[in-house]
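**Student:** return atomic coordinates for the entry below.
(2 chains)
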Amino acid sequence: MAKKLRSKKAAERTGNIIIYIILVVISIVWMFPFFFLVLQSLRGEPGLTPGYFWPKQITFDNYIKLFTDTVPFDFPRWYGTTLIISVVVTVIQTMITLVTSYALSRLRFRMRKPLMNLMLVLGMFPGFMSMTALYFLLKLMNLTQNFGIVGLILVYVGSSCMGYYISKGFFDTIPRSLDEAARIDGASRHTVFLKIILPLSKPIIIYTILTSFMAPWGEFMFASLIFSGNSKYFNVAVGLREMLQRENAAKYFTRFCAGAVVVSIVPTVLFFILQRYYVEGVTGGSVKG
Amino acid sequence: MTERISEIEYLKKTSLQKFVYNITFFFKSFPQRFIGFFKTILPAFFLRIWLYIKGVGVTIGTAAKEGDWKTRVSFGVMGFSQLARGQIVRGALFLLSEIAFIFYMVCFGWSQLALFPSLGYKLPERGHYNDAGVWVPQQLGHNSLLILLYSILTILIILFFVFIWYENIKSGYAAQELQEARRKLPTAADDAKDLLDGQYHKTLLCIPLLGLTVFTIFPIIFMIFVAFTNYDVNHQPPMQLFDWIGFKNFVSLFSGNVSGAANFGMAFGRILLWTIIWAFFATFSCYIVGIIVAILINKKGIRFKKLWRTILIITIAVPQFISLLLMSQIFDDHGIINIMLQKWGWIDKSIPFLSDGNVAKFTIIFVNMWVGIPFTMLMVTGILMNIPEDLYESARIDGAGPVKTFFKITLPYMLHVTTPYLITQFIGNLNNFNVIYLLTGGGPLMSEGASGGAGQTDLLITWLYKLIMDQKLYGLAAVISIIMFIITAVISLVLYNRSNAVKNEEDFM
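**Tutor:** Sure, this is the predicted structure:
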């Protein structure tokens, strides 16, 4: 009996060792690109990937040039553009999302169900399809290129009420008896929302802020259309891709890597500080019921 | 037909059997749901709309029949009934909206709408000398694009105005009824208060819905109309006009005759097929491997759980476009992977990870797993703990190994609980622009001079991007968008409508 137990234990130990090996392999696969990125950003020799892994010369030159050598690629300006867009979008989108999901979760009106179905159906149109029409619309209002920031913010914010699912799911879990108690005391629905529901919703508010900040930070498709042509007005995603275009890649690859590191820092730091809320949001939103 | 077994038979089963039964029932009923969608849900939808219209008709009818002269005047002069009964602010708002509407239509809207059927007929003329030798200055022609945009805008405004007009009649008649019952009419202050309480949804939703209309609904309507025009590279405003051509775009897509692009229908078919294959594999590869990784990390006795998780999560934190652009360099023909492999002597020639169509398809799915697995891992971790332990216990007693329990218990359970997530993932992958465009740009081309620049790894969405940006085949692009919409809509409506998350919405309350 004791022998059997011991062999079972041994089997479990080998099992665990195999799992550790798998996890280490996974970690290497997942970390390798980032490790490679940082190494390349510190590489002193110019050119695309050289025939060796470890740079011969470690330098911060690429980072310095990124911010000082602004012709033809004005990285500091791209960074500023992206930051402005992301902050404004975050503020507006968070408000719209919360307000919409509260209305759909707590208020009962006749158009509620049809509205939710409508948004479900609208969400199935390919985003790019509306893009051309939006482009013409923005061009009409003169909101491309020079004023591309405004145009892009409008586009990002425009349909943000369609992302109500996750926060609605959260509001649904707050007991209704809280609202009812307050309403018996004479509070209006407005007061209930501001004074009771919102203070209870810190996790989902932070989740919404985090996701609405990260989305425009790395958005490529709309930005490339709206800023097309004029590299002065790019956001970081479009700009960094421009650095990797065939004619620029050889000269700017290391600088692209430096730029990528700089761009990744803000969302990564934010993400790790607020990770707990993100996990809660993702788990809560994907499985209701 | 799959029917549920009777309650007694169900209760006789052990918990493991019950579980298996529930799961199989869930998946067996898919085809039934598909039929049910067309048989019950669609007709119910149209019935609801019909009932709504009928209700509107009845309200207007009663207001016309029972209303006094003040109410009846407000059919023409909006807000009159309210003004005459002392609801000054409300009445004035209705009146103002009517004036604004008439002003808009007379000054602008009507002229655009009148050109809508023809989409303009006047071509622009350069400045030139006429026969008598007199200088004729440059003349602006009609711009079909603007006409179409403004006409749709006008139609939306008219619809909105009709809605306000209906509200005006309803509220006017309600005011009359209140007066006849000798009750106090709500003042402007009451109305304002009501907007923060009883009518709070209007306050909250007006701005989100305005955004939705302008930035989502309006563009979609526009593109649907464009699908019926010959708007392409040879018909570009402002120098040229484009015109209605009916269903010609749809026909030419399937018959394959597009001017300047041979075998268009073939390219479309191939891309559609690859899009669906891609969406399927991209979704399930991430999903299944993600679950396995989560199980490995969660296993009892494994240490440094937090470390493993953090390593994976970095992928989520770093913006996707950076990882993808980086990956496109890493897997390049002269990228680091090929260099290393050659250095170690494992291969002689570099592997065409992204430059050969078939290999690229695998590379893309692999990279997508790299991007997607951390998401699944995060999401799944919480749910895994919810699977009842006794299920595993009874499976173990029956002699099932870890592989068998995974496929018989874990996977079905997860599929059952996370169907909504899977559907959104699937639709997201059908429209996954970033992964394809940033990795391969859709390339390599299907053949030299392939129609519409169609590449072997192009999804419909990246092909659309090319059709619009490079080829300027707007009309055809719109047709493809509509087809894509129909595919996604049918798939997801069928799955969504009975899925638990939607059905049990009220259970929390």
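
**Student:** so B:Y392 sits right up against B:P402, yeah?
**Tutor:** No. The criterion here is CB atoms under 8 Å, and B:Y392 misses it with B:P402 at 9.7 Å. Every C-beta, even on glycine, is put in place using the N, C-alpha and C of the backbone.

**Student:** who's more crowded, those two?
**Tutor:** The residue with more neighbours, out of B:Y392 and B:P402, is B:Y392; 16 against 13, by other CB atoms under 10 Å in any protein chain shown.

**Student:** what sits closest to the more buried one if chain neighbours are left out?
**Tutor:** In space, and not counting its chain neighbours, B:Y392 is closest to B:T405: 6.1 Å by CB to CB, 6 or more residues apart in numbering or on different chains.

**Student:** tally of neighbours for that neighbour?
**Tutor:** The tally of other residues near B:T405 (other CB under 10 Å) stands at 16.

**Student:** before we move on, what about B:F228?
**Tutor:** 18.

**Student:** try A:R13
**Tutor:** 11.

**Student:** now it: how far from chain B?
**Tutor:** 9 Å (CB to the nearest CB, to the nearest Å).

**Student:** state the helix or strand in which that residue lies.
**Tutor:** Secondary structure assignment for A:R13, by DSSP states H and E: helix A:2-41.

**Student:** what comes up buried for that helix?
**Tutor:** Buried residues in helix A:2-41, counted by 16 or more other CB atoms under 10 Å in any protein chain shown: A:16, A:19, A:23, A:26, A:30, A:33-34, A:36-37, A:40-41.

**Student:** residue ranges with poor pLDDT in chain B?
**Tutor:** In the predicted model of chain B, residues B:1-4, B:15-16, B:19, B:23, B:26-27, B:256-263, B:447-452, B:493-509 satisfy pLDDT under 70.

**Student:** for it, which helix is longest?
**Tutor:** The longest helix of chain B (DSSP state H) is helix B:144-180.

**Student:** so which residues make contact with the next helix or strand along the chain from that helix?
**Tutor:** From helix B:144-180 onward toward the C-terminus, using DSSP H and E, the following helix or strand is helix B:188-195. In this structure, residues lying in contact with helix B:188-195 by CB atoms under 8 Å, 6 or more residues apart in numbering or on different chains are A:188, B:87-90, B:186, B:202-203.

**Student:** ok, and which of the buried residues of helix A:2-41 reach chain B?
**Tutor:** Contacts with chain B are made by A:16, A:19, A:23, A:26, A:30, A:33-34, A:36-37 out of those, judged by CB under 8 Å from any CB of the partner chain.

**Student:** mind picking the lowest-pLDDT entry from those residues?
**Tutor:** Lowest in pLDDT among those is A:N16, which has 86.

**Student:** doesn't B:R303 make contact with that residue?
**Tutor:** No. Assessed by CB under 8 Å, A:N16 is found out of contact with B:R303, at 9.2 Å.

**Student:** count the residues that sit near B:M266.
**Tutor:** B:M266: 14 neighbours (other CB under 10 Å).

**Student:** what residues of the host helix or strand of it count as buried?
**Tutor:** Element membership of B:M266 [criterion: DSSP H and E] is helix B:264-298. Buried residues in helix B:264-298, defined by neighbour count with 16+ other CB under 10 Å: B:264-265, B:267-268, B:270-272, B:274-276, B:278-279, B:281-283, B:285-298.

**Student:** near chain A too, which of those residues?
**Tutor:** Near chain A, by the rule CB under 8 Å from any CB, you find B:293, B:296-297 out of the buried residues of helix B:264-298.

**Student:** ok, B:Q176 touching B:R72?
**Tutor:** No. With contact defined as CB under 8 Å, B:Q176 does not count as touching B:R72 (10.0 Å).

**Student:** could you give me the buried positions within the helix or strand where B:G61 lies?
**Tutor:** Taking DSSP H and E as the definition, B:G61 sits inside helix B:42-66. Neighbour counts over helix B:42-66 (16+ other CB under 10 Å) mark B:60, B:63 as buried.

**Student:** quick one: distance of that helix to the chain centre.
**Tutor:** 29 Å (CA atoms, centre = their mean, to the nearest Å).

**Student:** same check, this time on stretch A:72-79
**Tutor:** Centroid separation for stretch A:72-79 versus its chain: 21 Å, with CA atoms, centre = their mean.

**Student:** same question for stretch A:120-137.
**Tutor:** A distance of 20 Å separates the centroid of the chain from that of stretch A:120-137, by CA atoms, centre = their mean.

**Student:** kindly report the same for stretch A:16-31.
**Tutor:** Worked out by CA atoms, centre = their mean, stretch A:16-31 lies 27 Å from the chain centre.

**Student:** same question for stretch B:86-103.
**Tutor:** The chain centre lies 36 Å from the centre of stretch B:86-103; the measure is CA atoms, centre = their mean.

**Student:** let's see that stretch as CSV, backbone CA atoms only.
**Tutor:** Output in CSV follows, covering the C-alpha atoms of stretch B:86-103 (Å, rounded to 0.1, in the frame of the first residue of the first chain):
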residue,chain,number,x,y,z
GLY,B,86,-50.3,77.3,-20.8
GLN,B,87,-47.4,74.8,-21.3
ILE,B,88,-45.3,77.6,-22.7
VAL,B,89,-41.9,76.0,-22.7
ARG,B,90,-43.0,72.7,-24.1
GLY,B,91,-45.2,74.3,-26.8
ALA,B,92,-42.5,76.7,-27.8
LEU,B,93,-39.9,73.9,-28.2
PHE,B,94,-42.3,72.0,-30.5
LEU,B,95,-43.0,75.2,-32.5
LEU,B,96,-39.3,76.0,-32.8
SER,B,97,-38.4,72.6,-34.0
GLU,B,98,-41.1,72.9,-36.7
ILE,B,99,-39.8,76.3,-37.8
ALA,B,100,-36.2,75.0,-37.9
PHE,B,101,-37.2,71.9,-39.9
ILE,B,102,-39.1,74.0,-42.5
PHE,B,103,-36.2,76.4,-42.7
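
**Student:** dump the residue contacts of B:D243.
**Tutor:** B:118-119, B:144, B:229-230, B:235 are the contacts of B:D243 under CB under 8 Å, 6+ apart.

**Student:** switch the cut-off to 10 Å
**Tutor:** B:118-121, B:144, B:228-231, B:235 (CB atoms under 10 Å, 6 or more residues apart in numbering or on different chains).

**Student:** most neighbours among those, please name it.
**Tutor:** Of the contacts of B:D243, with other CB under 10 Å as the count, B:Y231 tops at 30 neighbours.

**Student:** isn't that residue right up against B:L149?
**Tutor:** No. Between B:Y231 and B:L149 there is no contact under CB atoms under 10 Å: 12.0 Å.

**Student:** show me whatever sits in contact with both of the two.
**Tutor:** B:F225.

**Student:** reformat the contacts of helix B:188-195 as TSV; add secondary structure.
**Tutor:** Output for the contacts of helix B:188-195, formatted as TSV (DSSP: H, G, I helix; E, B strand; the rest coil):
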residue	secondary structure
A:S188	coil
B:Q87	coil
B:I88	helix
B:V89	helix
B:R90	helix
B:P186	coil
B:K202	helix
B:T203	helix
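
**Student:** give the buried subset of those as a ChimeraX selection command.
**Tutor:** Filtering these down to the buried ones (16+ other CB under 10 Å) takes a single ChimeraX command:
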select /A:188 /B:87,90,186,203
